[in-house]
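Colleague: my questions are about this predicted structure, shown below with the sequence.
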Amino acid sequence: MIARHKAIYPSEEALSFLLDLTERTQAALERASIALDGLVDFDNRLVGGSMVGAVAKGLLLEGDNTANLVVMCEQYPTVVHLRKVREHTERELLGSDAVGNVAVSVLEDEAGFSVTAKKTSNEEEEEEEEKVSTHSVIVTLTSTVVRDEARVMDSKVEQDSDGETPENDLLRLPKER
């Protein structure tokens with residue numbers, strides 16, 4: 001049982017490296033949010049963030065080298081907002097000397113950016129050989145406005161023949177799906 005656990009669970013070193021990168025990214029995002037709030041030309045406040053996925057649930061397996069963060073924006077996130085958040089976050093990350101070799105790249109299709117760091121470790125069994133692993137934190141920008149727009153689209157689809165939506169009629173029960 002213990003051997004099976006060791007085979008599927010990441011090493012303590014790899015897990016701590018990914019968690020440290022995630023925490024540093026969160027801290028950089030918080031500092032970037034404060035810096036962006038002071039800018040006149042930035043009108044989309046960052047209102048909060050959360051870790052999601054396997055790392056947040058404590059379900060990380062061997063070989064999983066990616067953590068996910070979701071950042072809530074006050075308004076609909078745009079490419080311009082994404083680039084400004086990425087730029088300020090990268091500046092905050094690179095200003096921290098403890099992070100090491102970090103690369104930040106925009107992922108426009110995913111409405112986010114990636115913070116990537118390489119970890120080098122020596123294998124005990126093989127002297128002089130180094131093992132390099134890449135760990136990433138994917139930061140995705142979203143807003144409750146996105147969810148609200150989806151609800152509006154759903155309600156348009158659910159309109160009755162008389163043009164009324166079930167949400168507007170308090171006496172009717174919603175249709176079963």
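Modeller: Alright, I've got the coordinates.

Colleague: what residues are up against residue 109?
Modeller: By Cβ atoms under 8 Å, 6 or more residues apart in numbering, residue 109 lies in contact with nothing. Where C-beta positions appear, they are placed from N, C-alpha and C, glycine not excepted.

Colleague: any idea how far it is from residue 83?
Modeller: Distance of residue 109 to residue 83, computed by Cβ to Cβ, to the nearest Å: 14 Å.

Colleague: cool, and residue 62?
Modeller: For residue 62 relative to residue 83 (Cβ to Cβ), the value is 35 Å.

Colleague: report the distance from the host helix or strand of residue 22 to the chain centre.
Modeller: Using DSSP states H and E, residue 22 falls within helix 12-37. Centre-to-centre, helix 12-37 and its host chain are 11 Å apart (Cα atoms, centre = their mean, to the nearest Å).

Colleague: just the buried residues of it, please?
Modeller: Using 16 or more other Cβ atoms under 10 Å as the test for burial, helix 12-37 gives 14-15, 17-18, 21-22, 24-26, 28-29, 31-33, 36.

Colleague: please apply the same query to stretch 56-65.
Modeller: 60, 64-65.

Colleague: of the buried residues of helix 12-37, closest to residue 141?
Modeller: Ranked by distance to residue 141 (Cβ to Cβ), the buried residues of helix 12-37 are led by residue 29 at 10.3 Å.

Colleague: and that closest one, what does it touch?
Modeller: Neighbouring residues of residue 29 by Cβ under 8 Å, 6+ apart: 46, 49, 69, 71, 85, 89, 92, 139.

Colleague: now residue 86
Modeller: Contacts for residue 86 were tallied using Cβ under 8 Å, 6+ apart; they are 104, 106, 113.

Colleague: tell me how many other residues surround the second one.
Modeller: Okay, so that is residue 106. For residue 106, the neighbour count with other Cβ atoms under 10 Å is 17.

Colleague: where does this structure have low pLDDT?
Modeller: The model of the chain has pLDDT under 70 over residues 96-100, 122-130, 147-177.

Colleague: what about 90?
Modeller: Along the chain, the model assigns pLDDT under 90 to residues 1-15, 36-49, 53-64, 74-78, 93-103, 109-110, 118-134, 143-177.

Colleague: now do the strands in it.
Modeller: Ranges of strands in the chain, per DSSP state E, are 46-52, 66-73, 102-107, 112-122, 130-143.

Colleague: can you list these in a markdown table and add distance to residue 8?
Modeller: Rendered in a markdown table, the data for the strands of the chain read as follows (distance: least, Cβ to Cβ, whole Å):
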| stretch | distance to residue 8 |
| --- | --- |
| strand 46-52 | 21 |
| strand 66-73 | 17 |
| strand 102-107 | 28 |
| strand 112-122 | 19 |
| strand 130-143 | 17 |
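
Colleague: what's the most buried one of these?
Modeller: For the strands of the chain, the largest average neighbour count (mean count of other Cβ atoms under 10 Å) is found in strand 66-73, namely a mean of 20.
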